[in-house]
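1. give me a 3D structure for the following:
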Amino acid sequence: MMNETHKLFYLMGFDFNVITSQMLEPMIEHVNEQIPNISDSFWDKFRNDLDAESLRKMYADIYEQHFTHKEISDLIEFHESVLGKKTVKANQQIALESQAISSAYFEALGNEVMKELLAENNA
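-> Below you'll find the predicted structure:
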């Protein structure tokens, strides 16, 4: 079933090299803030040692806990369809747009909380 799950990930547009990079870079920034002067060569070695395949296997284990072999096959069939391909393409744009509006929403909410806290403390 692992091979079918990997096929599903491919059809869904999962790129585990990109995923590992997207997760690693914020961690590197955080560590660099805590421990300045870490050499670029250290991080380059760390990046080179990343194993996207291990992450893909972990994702596969999760999917295989939640979906039967038949359901994985059905998902592959769906993602090979015209609507499935459109869904994958649209989901990428939807995720970007959703992230943007969520950021704006919570920034505005945070500003409102700060205004109320300041007003309460000045009262």
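
2. and Arg56, how many neighbours?
-> Arg56: 21 surrounding residues under other CB atoms under 10 Å. Every residue, glycine included, has its C-beta placed from N, CA and C.

3. pretty sure it is touching Phe9, no?
-> Yes: between Arg56 and Phe9 there is a contact under CB atoms under 8 Å: 6.6 Å.

4. shared neighbours, those two?
-> Common neighbours of Arg56 and Phe9, using CB atoms under 8 Å, 6 or more residues apart in numbering, are Phe16.

5. just the helices in this structure please.
-> Assigned by DSSP state H, the helices in the chain fall at 2-12, 16-34, 40-48, 52-66, 69-80, 82-122.

6. can you tell me which of these is packed in deepest?
-> helix 2-12 (a mean of 16; mean count of other CB atoms under 10 Å).

7. packing partners of that helix?
-> helix 52-66, helix 69-80, helix 82-122 (3 or more CB pairs under 8 Å, 6 or more residues apart in numbering; DSSP states H and E).

8. can you tell me what sits against stretch 35-45?
-> Ile28, Val31, Asn32.

9. then stretch 84-101?
-> Contacts for stretch 84-101 (CB under 8 Å, 6+ apart): Leu11, Met12, Gly13, Glu77, Phe78, His79.

10. and with 10 Å instead?
-> Outside of stretch 84-101, the residues within contact range by CB atoms under 10 Å, 6 or more residues apart in numbering are Leu11, Met12, Gly13, Phe14, Leu75, Ile76, Glu77, Phe78, His79, Ser81, Leu83.

11. for the record, mean pLDDT for it?
-> Mean per-residue pLDDT for stretch 84-101: 93.

12. let's see it as CSV, backbone CA atoms only.
-> Output in CSV follows, covering the C-alpha atoms of stretch 84-101 (Å, rounded to 0.1, in the frame of the first residue of the first chain):
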residue,chain,number,x,y,z
GLY,A,84,-9.1,15.9,-9.1
LYS,A,85,-6.4,17.7,-11.0
LYS,A,86,-8.4,20.9,-10.8
THR,A,87,-8.8,20.4,-7.1
VAL,A,88,-5.1,20.1,-6.5
LYS,A,89,-4.3,23.2,-8.6
ALA,A,90,-7.1,25.2,-6.9
ASN,A,91,-6.1,24.0,-3.4
GLN,A,92,-2.7,25.5,-3.8
GLN,A,93,-4.2,28.9,-4.6
ILE,A,94,-6.9,28.5,-2.0
ALA,A,95,-4.2,27.8,0.7
LEU,A,96,-2.2,31.0,-0.3
GLU,A,97,-5.4,33.1,-0.3
SER,A,98,-6.6,31.6,3.0
GLN,A,99,-3.2,32.2,4.6
ALA,A,100,-3.3,35.8,3.6
ILE,A,101,-6.8,36.5,4.9
